[in-house]
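K.L.:
Give the three-dimensional model of this entry:
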Amino acid sequence: MCGIAGGMTKACFQPEDKILLDLQTALRHRGPDGQGLHRSGKVGLVHTRLAIIDPQNGIQPFVSSEGVSLVANGEIYNDLEIRRDLPDSAYVTGSDNESILHLYLRYSTDFAKHLHGMYAVALYDPRDECLILARDPFGIKPLYVAETHDGLWFSSEPHALVAAGVVAPVIYEQARDELFALQFSASPKTAFRGIRRVEPGETLIVREGRIVDRIRLDPLSHDSQTQASRTTTFETLWMDSVTSHRRSDVPYGVFLSGGVDSAAVMAAMARLEDRPVIAYTAGFSGDPVHDEREHAATVAKATGADHRTIEISSDDFWTHLPVIAACMDDPVADYAIVPTYLLAKAAAQEVKVILTGEGGDEVFAGYGRYRASCRPWPFRKAPWSRHVLAGTGVLRQIPTNWRQTLDASEEQAKSEPWTRLQKAQALDIRHWLPQDLLTKVDRCLMAHGLEGRVPFLDRRLASFGFNLTDRDKVTGRLGKQTVRQWLAETLPEAQPFSRKRGFSVPVGPWLEQQGGRLASLVSQQTGVVDCCHPDVVQSLFRSINSKTAFPAWVLLFYALWHQSHILGLDHSGSAFDVLAQN
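P.N.:
Model prediction:
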């Protein structure tokens, strides 16, 4: 896992050294184990390395004898198979990322079709002066681009493009409006004006500093299921995925919650390992939420795990929230960023790789909103149909286009031969998964130089799950039927058929306790004043309850994010100290 960045200029000169070095410095937290820089023609590539496979070698950029250069961020899980299938390729390291270069030399811009893994890639081919940027089909690894008057620039994180002076820190209102409505931004354009995401599965062809073509690789195949036993097929695909996700030359562990997905990861890991797996669980003792530590401890004991529990208090929340908001440069107002960041901070003291359960709900249909979208009319409810701040009166104007990206995806899905359940899943796989969940995991873990792996997003496994019948996914009020059935047979201590309660973080009670103190601080922030009624914001914070806690959280997160990334203010200190700066 690494950081990559660089650029291609329009004119006949190389990118400025200062820009390249500033990009590299801004991404150093993603790769504390090494760094590299390569220039060729109009292109400059930089890399910061987190050494996972072949730690002693594998220094990037890789450069072939033909002069083709590569920087990559990710893990290629079929690296061994690629090496076997390309026996004549002149490998010089044991790094899995080197296989990307050899695939390009063999298949040109179709190289991504042969990859299984998570990746963000930049290749420069001097033979035809072409820069190629590619991102994995689920968007597990991030990649951002900015087209400017002098060329095209790219980076693993958008804040690096701002830090290097490529783009000014100016808010893009449409992305902000989507953040307020959805807790993440769904469109390809980010909250920074002029920076956009390379979309999941995209390969961009760049010439003369401009994008000239786009190739799209779908994350899922849409074949009907013919397997005699879905549980047996799931086990085969699942164990294959977890086996490949364990490939590492450094220590690794698991984030273990009280849910089905992480228990499935734990069950598979325990079967494959000959020593205890290190597992990490967050808890919130003394707060009125569902605490997962007791159930996680039961799963850990049954699998022989070496279990660590991390207790998170309200003091931890207020102390760390500014730096957490700062690390979420592509903003995601998800409660779970808090425990994810603090778990990663603890885990980074012992391991360099973490396996997590992200993707299980989307692929095997675990969310209640899927069931709501499948009800008979008029009881049906569209996913993501309610604006988070609706009814609060805080916004100067409720935008009418906050759902336009989701509407476009739903319109496109009408031509697919999918059930309503599959259409709801596809919407989340296209937007919620990469723009919220995977961004959360990437930023919170990479802030501590920790790699996150998501075995539910193996393409073969995900295609199998997506193409199961609705009945094999949802029965009554429980989704993920196939995963639950396998877990019931493999690890009954996980109690997989108990009702899903969801992961709870007591942000609401913590905000309620400090609402009066926050009222004037949040309402006076520049970013909030620009789009909200300060007096209504004050009233909202002074009377926080179960219905207004999440809107208040979104405004608090945005206020801290705006201070750090738009105003450039210091984010060290407690949330109250940081807010008092403005």
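
K.L.:
for the record, mean pLDDT for stretch 170-179?
P.N.:
Averaging pLDDT along stretch 170-179 gives 97.

K.L.:
Show me which parts of that stretch are buried, residue by residue.
P.N.:
I171, Y172, Q174, A175, R176, D177, E178, L179 (16 or more other CB atoms under 10 Å). Where C-beta positions appear, they are placed from N, C-alpha and C, glycine not excepted.

K.L.:
ok, the nearest residue to A447 once chain neighbours are set aside to Y341 distance?
P.N.:
Nearest residue to A447, sequence neighbours excluded (CB to CB, 6 or more residues apart in numbering): C327, at 4.3 Å. C327 sits 7 Å away from Y341, going by CB to CB, to the nearest Å.

K.L.:
shared neighbours of these two, which are they?
P.N.:
C444, A447 (CB atoms under 8 Å, 6 or more residues apart in numbering).

K.L.:
lowest-pLDDT helix or strand in this protein?
P.N.:
Within the chain, no helix or strand scores below helix 368-373, which has a mean of 88 by mean pLDDT, DSSP states H and E.

K.L.:
Identify the residues contacting that helix?
P.N.:
So helix 368-373 is contacted by 380-384, 420-421, 423-425, 474, 477, 479, 500 (CB under 8 Å, 6+ apart).

K.L.:
send the alpha carbons of stretch 260-272 over as CSV?
P.N.:
The C-alpha coordinates for stretch 260-272 follow below in CSV (Å, rounded to 0.1, in the frame of the first residue of the first chain):
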residue,chain,number,x,y,z
VAL,A,260,-21.8,-11.3,10.5
ASP,A,261,-19.2,-10.0,8.0
SER,A,262,-16.2,-9.6,10.3
ALA,A,263,-17.1,-12.9,12.0
ALA,A,264,-17.0,-14.6,8.5
VAL,A,265,-13.5,-13.1,8.0
MET,A,266,-12.4,-14.3,11.4
ALA,A,267,-13.8,-17.8,10.8
ALA,A,268,-11.9,-18.2,7.5
MET,A,269,-8.7,-16.7,8.9
ALA,A,270,-8.8,-19.1,11.9
ARG,A,271,-9.2,-22.1,9.5
LEU,A,272,-6.2,-21.0,7.4
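
K.L.:
Phi and psi next, for T9.
P.N.:
Here is the backbone geometry of T9 (degrees, to the nearest 10): phi -90, psi 160.

K.L.:
List the beta-bridge partners for it.
P.N.:
Beta-bridge pairing of T9 under DSSP bridges involves G151.

K.L.:
Now do the contacts for it.
P.N.:
So T9 contacts P15, K42, V43, D150, G151, G209 (CB under 8 Å, 6+ apart).

K.L.:
tell me which of these is nearest to K301?
P.N.:
Nearest to K301 among these is V43, at 53.5 Å by CB to CB.

K.L.:
residue boundaries of the helices in the stretch 101-250 of the chain?
P.N.:
158-163, 173-182, 230-245 (DSSP state H, counting those that start in this stretch).

K.L.:
hey, where'd the strands end up in the stretch 301-450 of the chain?
P.N.:
Here the stretch 301-450 of the chain has its strands, by DSSP state E, counting those that start in this stretch, at 306-311, 353-355.

K.L.:
quick one: which of those strands is nearest I140?
P.N.:
strand 353-355 (12.6 Å).

K.L.:
Please name every helix or strand in contact with that closest one.
P.N.:
strand 252-255, strand 451-453 (3 or more CB pairs under 8 Å, 6 or more residues apart in numbering; DSSP states H and E).

K.L.:
okay, these, which one's buried deepest?
P.N.:
strand 451-453 (a mean of 26; mean count of other CB atoms under 10 Å).
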